[in-house]
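Visitor: need a 3D model of the following:
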Amino acid sequence: MEKSLTSPNPDERGELETDPLGVYEGERNENGERHGDGKTLLPNGDMYVGQYCNGLRHGKGIYVFKNGARYNGDWRDGQKYGQGIFWYPDGTQYEGEWKRDAKHGFGAYHYATNDVYEGSWKEDLRHGMGTYLYADTGTKFMGTWMEDRMEGPGQLIHARCRFHGFWKLNLPYGRGCFTFDNVCMQHGHYVHVRDPTFDGPTWITLNEIIIMQENDDDKSQLKKGRSPRIGVRPMWRARCITPYNPELLPPEARPLREEVSTEPSISKGEDDVWPKNEGYSDSDYPEDYREERYEREASSRIDSP
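Guide: Predicted structure coming up:
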């Protein structure tokens, strides 16, 4: 006696079949391939209910994993491709675009912590323009991401102020400014010091990580880890306070080259794109902060204990 998913009448949807690809119930084409609407119970306990084309999942369909995960959306040639929603066993959820079984395009990811990322994806990584909402504080980051990290121009929006600046490896980096209700703005820059709470056997400065990114071998290792424990924390160094002037803001984030081919890349450094502050010369700043590359030199002078 053959196995059945729902014990249907044999003449309703086509004959039942048991094979290495699972128990199938549904329609077929003239070559005997799964084609049209069907239902499959796979050998590993997963189940698919949806459309097939020439033997492959193709069209609309729901795939239920044995561990409780579930995907409901578009398929192409046996892979998740198009629009779809994926529910994970831990309660997280992604809704958006897919390409070759990976999150790719625009989508929203709801984390178990109630944090939400909404923006661009590439090969399962946050990549491009995106916003991240921190549920516990209500703070929101708006800016660019590269290979799952905040990287490039962006804004950190708090309840009563905003920080405009640049990020490297998820940390604010270099010059920036805080704005307060569009009334005034505080200019300054971030330096990076050793994190006293870091308990790793070794620690790596942010500059060392940036140098490692230039090396192909190191880059591949960083990509595998994606979030290296570098043992540093950012520290804000204020320079001066001025009346609010939008012309003094750093450049805003914009799509990466692969997102919109007509847009320039954000690969330029902050010194290449920072607006010229003609109204306030170096003499207007405290003497300690006149050196434009102070933060880089300070980081390079930090030695491991």
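Visitor: what's the strand or helix carrying residue 142 in contact with?
Guide: Using DSSP states H and E, residue 142 falls within strand 140-146. Strand 140-146 is touched from outside by 119-120, 125-134, 150-157, 167, 253-254, 256, 266, with contacts defined as Cβ atoms under 8 Å, 6 or more residues apart in numbering. To be clear about C-beta, it is placed using only N, CA and C from the backbone, and glycine gets the same treatment.
Visitor: out of the residues you listed, which are buried?
Guide: Neighbour counting with 16 or more other Cβ atoms under 10 Å marks 119-120, 125-133, 150-157, 167, 253-254, 256, 266 as buried within those.
Visitor: separation between residue 61 and residue 73?
Guide: According to Cβ to Cβ, to the nearest Å, residue 61 stands 8 Å off from residue 73.
Visitor: the strand holding residue 142: partners in the sheet, and parallel or antiparallel?
Guide: strand 125-133 (antiparallel), strand 149-157 (antiparallel) (DSSP bridges).
Visitor: format these as JSON lines; extra columns: mean pLDDT.
Guide: Shown next, in JSON lines, are these (pLDDT from 0 to 100):
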{"stretch": "strand 125-133", "mean pLDDT": "96"}
{"stretch": "strand 149-157", "mean pLDDT": "94"}
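Visitor: low-confidence bits of this structure, can you list those?
Guide: Low-confidence segments of the chain (pLDDT under 70): 1-19, 198-231, 258-305.
Visitor: what do you get if the cut-off is 90, keeping everything else the same?
Guide: Within the chain, the ranges that satisfy pLDDT under 90 run 1-22, 168-171, 173, 181-182, 191-235, 250-305.
Visitor: in it, what residue spans correspond to helices?
Guide: With helices called from DSSP state H, the chain shows them at 10-13, 206-212, 216-225, 270-273, 294-300.
Visitor: ok, now how distant is residue 134 from residue 140?
Guide: Going from residue 134 to residue 140 by Cβ to Cβ gives 7 Å.
Visitor: no wait, residue 182
Guide: Look at residue 182 and residue 140: by Cβ to Cβ, they are 17 Å apart.
Visitor: of the two, who's got more company?
Guide: Set residue 182 next to residue 140 and count neighbours by other Cβ atoms under 10 Å: residue 140 wins out with 15 against 11.
Visitor: so what's that one bridging to?
Guide: Note on residue 140: beta-bridge partners by DSSP bridges are residue 133, residue 157.
Visitor: do the same with residue 171
Guide: Counting by DSSP bridges, the residues bridging with residue 171 are residue 168.
Visitor: that one contacts residue 232, correct?
Guide: Yes. At 7.4 Å, residue 171 counts as touching residue 232 under the criterion of Cβ atoms under 8 Å.
Visitor: more neighbours: which of the two?
Guide: Set side by side, residue 171 and residue 232 show more neighbours around residue 232, with 23 against 18, by other Cβ under 10 Å.
Visitor: gap between the more buried one and residue 169?
Guide: Distance, residue 232 to residue 169, by Cβ to Cβ: 10 Å.
Visitor: likewise for residue 63?
Guide: For residue 63, the distance to residue 169 - Cβ to Cβ - is 35 Å.
Visitor: neighbour-wise, which of those two wins?
Guide: residue 63 (21 against 18).
Visitor: which residues touch that one?
Guide: 46, 47, 48, 50, 57, 70, 71, 72.
Visitor: wait, doesn't residue 123 sit right on residue 102?
Guide: Yes. Using Cβ under 8 Å, residue 123 is in contact with residue 102, at 5.1 Å.
Visitor: these two: who's more crowded?
Guide: When residue 123 and residue 102 are compared for neighbours, residue 102 comes out ahead with 16 against 12, by other Cβ under 10 Å.
Visitor: list the beta-bridge partners for that one.
Guide: Residue 102 forms beta bridges with residue 99, as assigned by DSSP bridges.
Visitor: and residue 191, by the same measure?
Guide: Beta-bridge partners of residue 191, as defined by DSSP bridges: residue 235.
Visitor: thought it was touching residue 233?
Guide: No. Counting by Cβ under 8 Å, residue 191 does not reach residue 233; the two are 10.1 Å apart.
Visitor: what about the residue lying closest to residue 122 once chain neighbours are set aside, distance to residue 132?
Guide: Spatial nearest neighbour of residue 122, excluding adjacent residues (Cβ to Cβ, 6 or more residues apart in numbering): residue 104 at 5.9 Å. Applying Cβ to Cβ, the value for residue 104 to residue 132 is 18 Å.
Visitor: residue 41 too?
Guide: Relative to residue 132, and taking Cβ to Cβ, residue 41 is found at 39 Å.
Visitor: sounds good, over and out.
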